[in-house]
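> any chance you could fold what I've pasted below:
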Amino acid sequence: MPESAEPSADASHADIGVVCALARETGALLDRCEKVRKYTGGQFVFRGGRYDDIRLAIVESGLGFARARRATQALIDAHTPPWVLSCGFSGALRPEMKVGDIVVADSIVDTHGQSLTLEMSMPTEGRSGLHCGRLVTSDEMVRTVREKQELAERYDAIAVDMESLAVAQVCRDTGTRFLAIRVISDDLSADLPPEVLTVFGGTGSVRFGAVVGSIWKRFGSIKDLWRLREQANEAAKRLATFLDGVLVQLHKAGGKPEAEPKAD
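Numbering: from 1, shown residues only. Model prediction:
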């Protein structure tokens, strides 16, 4: 081979990596990609494709902190993305926030006293449905309006999820640039139905036996669960639309970090 020839590109490398808990959260984003492929690596499902010229890799972690940490490390090990995004659903902690609103984190805390600050700012003035502020990562799904109000007051947070701090910590430890971008899938207008806690398994997959059992115990649950499904679909579409511009900007930024997580 001539000395001037360059080595072939690493086919496994991704320009941007995304960690989500559920396939539904990034399904609308993948619908916009070409050459989408799926494979299983260890205990996680990976999907990826071409978003214009951007090579995108997405890992589905399942619900919770520990799984999100392992999935993020697996994503970085397998695809070496310079950027990793924590994306997916979140619960609103402020009354003005509605289903489909976008949340960009400038800091993340959890209920055990861990925290990270993201040195970034995003102007939200005049941009309806976009919020920049603190996320709180919870060990469990937060179902009631009262629980959300307590989290908002205790942590001065605007939204709650179950994975973002875990993803941010791995990115900090590996020197990977990071953003947390979430979409509101449930607001403060009503409690989530109690069945939601049993319908989803630890991996985030729907447990159909639990669905049937919920309907048997409370027939009205089918209406509540269908409403949540519709809200989730709409939220996923709104997230994909917002990410459309973000992915292009991050790809253009290349090696120039806009935000690096730092421990408080």
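
> pLDDT score assigned to residue 232?
As predicted, residue 232 sits at a pLDDT of 86.

> and it, that's in a helix?
Yes. Counting by DSSP: H, G, I helix; E, B strand; the rest coil, residue 232 falls inside a helix.

> check contacts around it.
Neighbouring residues of residue 232 by C-beta atoms under 8 Å, 6 or more residues apart in numbering: 24, 25, 89, 185. Bear in mind the C-beta positions are built from the backbone N, C-alpha and C, glycine included.

> among those residues, which are in strands?
Residues of those located in strands (DSSP state E): 89, 185.

> separation between residue 186 and residue 49?
29 Å (C-beta to C-beta, to the nearest Å).

> how much space between residue 245 and residue 102?
Remark: distance between residue 245 and residue 102 (C-beta to C-beta) = 11 Å.

> these two: which has the busier surroundings?
residue 102 (25 against 9; other C-beta atoms under 10 Å).

> contacts only, for the more buried one.
By C-beta under 8 Å, 6+ apart, the contact set of residue 102 is 129, 130, 131, 181, 182, 183, 184, 238, 239, 242.

> can you rerun that using 10 Å?
90, 122, 124, 127, 129-132, 159, 181-184, 235, 238-239, 241-243, 246 (C-beta atoms under 10 Å, 6 or more residues apart in numbering).

> just residue 181 next, same as before
18, 85-88, 90, 102-105, 122, 164, 239, 242-243, 246.

> kindly recompute the last result at 7 Å.
85, 87, 102, 104, 242, 243, 246 (C-beta atoms under 7 Å, 6 or more residues apart in numbering).

> quick revisit: which ones among the contacts of residue 102 map onto helices?
Per DSSP state H, helices hold the following members of the contacts of residue 102: 235, 238, 239, 241, 242, 243, 246.

> from these, which is closest to residue 172?
Closest approach to residue 172 among the ones in helices among the contacts of residue 102 (C-beta to C-beta): residue 246, at 20.0 Å.

> nearest spatial neighbour of residue 137, skipping sequence neighbours?
Excluding its sequence neighbours, the residue lying closest to residue 137 (C-beta to C-beta, 6 or more residues apart in numbering) is residue 165, at 3.9 Å.

> dump the helix or strand hosting that neighbour to PDB, restricted to CA.
Using DSSP states H and E, residue 165 sits in helix 164-174. Extracted in PDB, the C-alpha atoms of helix 164-174 (Å, rounded to 0.1, in the frame of the first residue of the first chain):
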ATOM      1  CA  SER A 164     -29.700  11.000  32.900                       C
ATOM      2  CA  LEU A 165     -27.300  11.400  35.900                       C
ATOM      3  CA  ALA A 166     -25.900   7.800  35.300                       C
ATOM      4  CA  VAL A 167     -25.200   8.600  31.600                       C
ATOM      5  CA  ALA A 168     -23.600  12.000  32.500                       C
ATOM      6  CA  GLN A 169     -21.300  10.300  35.100                       C
ATOM      7  CA  VAL A 170     -20.000   7.800  32.600                       C
ATOM      8  CA  CYS A 171     -19.400  10.500  30.000                       C
ATOM      9  CA  ARG A 172     -17.500  12.600  32.600                       C
ATOM     10  CA  ASP A 173     -15.300   9.600  33.500                       C
ATOM     11  CA  THR A 174     -14.600   8.800  29.900                       C
END
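
> now it: buried residues?
Neighbour counts over helix 164-174 (16 or more other C-beta atoms under 10 Å) mark 164, 165, 166, 167, 168, 169, 170, 171 as buried.

> so which elements touch that helix?
With contacts taken as 3 or more C-beta pairs under 7 Å, 6 or more residues apart in numbering; DSSP states H and E, helix 164-174 sits against helix 65-79, strand 83-92, strand 102-110, strand 115-118, strand 130-137, strand 177-186, strand 261-263.
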